[in-house]
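A.B. asks: What follows is a protein structure lacking sequence information:
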């Protein structure tokens, strides 16, 4: 039964990953002229949209609210609520692209350009709504796995869940450009909304199973609450290891995920790949991790060595970003670097997320994950905006220079290396068994 549960919640999570990255490989199409089917977005506007997924989570503290809802009302309520928010958000993106005037602008003085298209703002609000549900569902699924799996198989289970999530990312990166080329920009969005509907149905099936078969060994209140404790939360927030893991998540994912947002355009601009095929090279990354993440998770369950694995993954990430920054434009090099990044994409997450329950009591696990995701969302919100701004200023005609942007990603990766080294220094005894 635990493996049935894992399949249901992992496929549901995969649908969220499809929508999360389905717009990333469409930057070229969104920036194309309206005469050729595009929306004439600028790189700044695309960066604003890519970073908007974290707006509500960061500024309205919705991740904290989601964590408390999860710990107080349980995985069933939190999961259905978060799936609903994802569907509403994805639907709003579709409406923005199909119904909003593509020429009208909105003044935003905080941006150096002074204004954004109204269409971009509305799409960003939809993506921000999606982001609330997406991050809340992520911590919910993590807690489901902790409930249903013992310590001896937890990392393997989390690795399999991450593997299916990466499949969603790969489908989005490889499939969205082809769908947009064939039938217009809105078809990938429609596919994403339908996928989320399927995900909600699967999660409702899980809820029925969870209500009937939740393992009796779990200490869960009969009322449906998860035993939220302020005392345990204070202990968690005073744990140095918890904050080092949080910093590692911030830097690692702030380099990796925003890079994926712009990777398709990088393949077109620097490596000369055709637009409809350019998403297939970034898709190598999640496809690689689909196989390797469960294997690394199994290895962590059996032999430990959590913090050395995190260090290796962070170093590989940084070196790949340096490689993309160097003045070499061979498509073969791009493929090689993406394969290496795929290995890094498997190494660190396969041990990082199973390490959190070793530092945090289960009654506050949802809130602890929400704190980690909140800090992570700050980076995921700000870095794409910064990269979009840099790319807009490095544009010469149709050509875009990615060099400065890749050095930014490399520097953030270096910060992840430092965080992993500090985590190894302070927490090796707890996390390497």
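C.D. replies: Looks like it came in fine. Because the structure is a prediction, the values reported are computed rather than measured.

A.B. asks: what bridges to residue 117?
C.D. replies: Counting by DSSP bridges, residue 117 is bridged to residue 105.

A.B. asks: can you count the residues close to it?
C.D. replies: Neighbour count for residue 117, taken as other CB atoms under 10 Å: 22. Just so you know, the C-beta spots here come from the backbone N, C-alpha and C atoms, and that holds for glycine as well.

A.B. asks: Quick one: residues contacting it.
C.D. replies: By CB atoms under 8 Å, 6 or more residues apart in numbering, the residues touching residue 117 are 39, 41, 45, 102-106.

A.B. asks: can you pull the pLDDT of it?
C.D. replies: You'll see residue 117 listed with a pLDDT of 86.

A.B. asks: what's the answer for the one 3 residues further on, then?
C.D. replies: Residue 120 is assigned a pLDDT of 90 by the prediction.

A.B. asks: Could you do the one 3 residues further on as well?
C.D. replies: Each residue has a pLDDT score; the one for residue 123 is 93.

A.B. asks: buried stuff in stretch 315-333?
C.D. replies: Residues 315-325 are the ones in stretch 315-333 that count as buried (16 or more other CB atoms under 10 Å).

A.B. asks: repeat for stretch 177-185
C.D. replies: Buried residues in stretch 177-185, defined by neighbour count with 16+ other CB under 10 Å: 177-181, 185.

A.B. asks: Buried ones among the contacts of residue 117?
C.D. replies: 39, 41, 45.

A.B. asks: okay, these in JSON lines with secondary structure, distance to residue 33 and pLDDT next?
C.D. replies: Below are the buried ones among the contacts of residue 117 laid out as JSON lines (DSSP: H, G, I helix; E, B strand; the rest coil; distance: CB to CB, whole Å; pLDDT from 0 to 100):
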{"residue": "39", "secondary structure": "coil", "distance to residue 33": "9", "pLDDT": "84"}
{"residue": "41", "secondary structure": "coil", "distance to residue 33": "11", "pLDDT": "87"}
{"residue": "45", "secondary structure": "helix", "distance to residue 33": "15", "pLDDT": "86"}
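
A.B. asks: so can I have a markdown table of those residues showing distance to residue 422?
C.D. replies: What follows is the buried ones among the contacts of residue 117, written out as a markdown table (distance: CB to CB, whole Å):
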| residue | distance to residue 422 |
| --- | --- |
| 39 | 44 |
| 41 | 40 |
| 45 | 37 |
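
A.B. asks: between those, which is closest to residue 132?
C.D. replies: Of all those, residue 132 sits closest to residue 45, with 21.8 Å by CB to CB.

A.B. asks: can you pull the contacts of that closest one?
C.D. replies: 116-117, 120, 388.

A.B. asks: from these, which two are the most distant?
C.D. replies: Greatest spacing in the contacts of residue 45, by CB to CB: 117 and 388 (13.5 Å).

A.B. asks: Residue 10 touches residue 164, doesn't it?
C.D. replies: Yes. Assessed by CB atoms under 8 Å, residue 10 is found in contact with residue 164 at 4.2 Å.

A.B. asks: follow-up on the earlier one: can you tell me which of the buried residues of stretch 177-185 end up in helices?
C.D. replies: 177-181 (DSSP state H).

A.B. asks: where do the helices sit along the stretch 251-400 of the chain?
C.D. replies: Under the criterion DSSP state H, counting those that start in this stretch, helices of the stretch 251-400 of the chain are mapped to 284-303, 306-325, 331-359, 365-393.

A.B. asks: Go through the third one and flag the buried ones.
C.D. replies: Of all the residues in helix 331-359, those buried under the rule 16+ other CB under 10 Å are 334-335, 337-338, 340-357, 359.

A.B. asks: Check stretch 359-378 too.
C.D. replies: Quick answer for stretch 359-378 (16+ other CB under 10 Å): 359-360, 362-377.

A.B. asks: And it, how far out from the chain middle?
C.D. replies: In terms of CA atoms, centre = their mean, to the nearest Å, the centre of stretch 359-378 is set 15 Å apart from its chain centre.

A.B. asks: Residue nearest the middle of the chain, spatially speaking?
C.D. replies: Centre of the chain computed as the mean C-alpha position; nearest residue by CA atoms, centre = their mean is residue 257, 6.2 Å away.

A.B. asks: related to what we said a few turns ago, among the contacts of residue 117, find me the one that's closest to residue 426.
C.D. replies: Residue 426 has its nearest neighbour among the contacts of residue 117 in residue 45, at 42.1 Å by CB to CB.

A.B. asks: Tell me what angle the strand or helix carrying residue 158 forms with helix 284-303.
C.D. replies: Here residue 158, judged by DSSP states H and E, is contained in helix 154-183. Interaxial angle of helix 154-183 relative to helix 284-303 (axes from the mean of the first three to the mean of the last three CA atoms, to 10 degrees): 170 degrees.

A.B. asks: and the angle from the following helix or strand past helix 154-183 to helix 154-183?
C.D. replies: Proceeding C-terminally, helix 154-183 gives way to helix 186-213 as the next helix or strand, assigned by DSSP H and E. Taking the same axes, to 10 degrees, one finds that helix 186-213 is oriented at 150 degrees with respect to helix 154-183.
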